[in-house]
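# Pasting the sequence and the predicted model now:
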Amino acid sequence: MAYYYVKSLHLIFVITWFAGLFYIVRLFVYQIEAASKPEPERSILGNQLKLMARRLWQIITWPSMLLAIGFAVWLLALRPFYMSDAWMQVKLALVVVLIFYHIKCHLIFKDLQNDRVKYSSNFMRLFNEGATLLLFSIVFLVILKSAVNWIWGTLGIVVFGVILMIAFKMYKRVRDKNPEA
C-alpha cells in the first residue's frame with residue numbers, strides 16, 4: 001500500500017518540477033526581452049521578472065526536483081527489481097539528461113539574476129522545447145514499458161522534434177511580422 005502513496009507523491013512532484021521548468025524558461029524569454037527595453041521600462045520589468053523567477057525557482061522548481069528524485073529513490077527501494085528492466089534503465093538515463101537540463105537552467109537563472117544576458121529570446125524559446133521532448137519521452141516510456149519498440153520510439157521522438165522545430169520557425173515568422181503576437 002505504501003508503494004502507491006509514494007508513487008502518487010513522486011508523480012505530483014514530477015508534475016510540479018516540469019511546470020517549474022516550463023515556466024522558468026518562459027520567464028527567461030521575458031527577462032531577455034525586457035533587457036532590451038528603454039528605461040524605466042527595463043528596470044521595472046526586469047526587477048519584477050527577477051523576483052518572479054527567483055520565487056518560482058527557489059520555492060517550487062528546486063524543491064520539486066529534489067522531492068521527485070527522493071520519492072523515486074524510495075520507489076526503487078520498494079521495488080528494486082525494476083532496475084533490471086530495460087525501460088527503467090532508459091528512463092533513468094533520460095532523468096539524468098533532465099537533471100543536466102535543470103542545472104543548465106540554473107546557470108541561466110543565475111546569469112539573468114545578475115543582469116548577464118548570454119542568449120537570445122529565440123534561443124530560449126527553442127531551449128524550452130528540450131523539457132517538452134524529455135517529458136514526452138519519459139511519459140511514453142513509463143506507460144508503454146517493454147511494449148516500446150526502441151527504434152520506432154526513437155524515430156517518433158525525432159519526428160516530434162522536427163515538428164516542434166517547424167512550429168517554432170512558423171511562430172517566429174508570425175512574431176517577426178507582428179511583435180505583439
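Looks like it arrived, so ask away. Numbers count the residues shown, from 1 in each chain.
# quick one, longest helix in the chain?
In the chain, taking DSSP state H as the definition, the longest helix is helix 2-35.
# Name the residues of it that are buried.
Buried residues in helix 2-35, counted by 16 or more other CB atoms under 10 Å: 6-7, 9-10, 13-14, 16-18, 20-21, 23-25, 27-35. To be clear about C-beta, it is placed using only N, CA and C from the backbone, and glycine gets the same treatment.
# for stretch 70-87, same thing?
In stretch 70-87, counting by 16+ other CB under 10 Å, buried: 71-72, 74-75, 87.
# Tabulate those residues (TSV), appending pLDDT and secondary structure.
Output for these, formatted as TSV (pLDDT from 0 to 100; DSSP: H, G, I helix; E, B strand; the rest coil):
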residue	pLDDT	secondary structure
F71	98	helix
A72	97	helix
W74	98	helix
L75	97	helix
W87	86	helix
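# Tell me the one among those residues nearest to F123.
Nearest to F123 among the buried residues of stretch 70-87: A72, at 30.4 Å, using CB to CB.
# surely the closest one meets K7?
No. A72 is not in contact with K7 according to CB atoms under 8 Å; the separation is 9.5 Å.
# circling back to that earlier point, got the angle for the next helix or strand after the longest helix of the chain vs helix 2-35?
Sequence-wise, the next helix or strand downstream of helix 2-35 (DSSP states H and E) is helix 41-55. For helix 41-55 against helix 2-35, the angle by axes from the mean of the first three to the mean of the last three CA atoms, to 10 degrees is 170 degrees.
# Show me what helix 41-55 is packed up against.
helix 2-35, helix 86-113 (3 or more CB pairs under 8 Å, 6 or more residues apart in numbering; DSSP states H and E).
# Just want the angle from the first one to helix 86-113.
Right, the one you point to is helix 2-35. Using the same axes, to 10 degrees: helix 2-35 against helix 86-113 is 30 degrees.
# so how far is helix 2-35 off the chain centroid?
Remark: helix 2-35 is offset 7 Å from the chain centroid, using CA atoms, centre = their mean, to the nearest Å.
# for it, packing partners?
Using 3+ CB pairs under 8 Å, 6+ apart: helix 2-35 touches helix 41-55, helix 62-78, helix 86-113, helix 121-144.
# Thanks a lot, see you next time.
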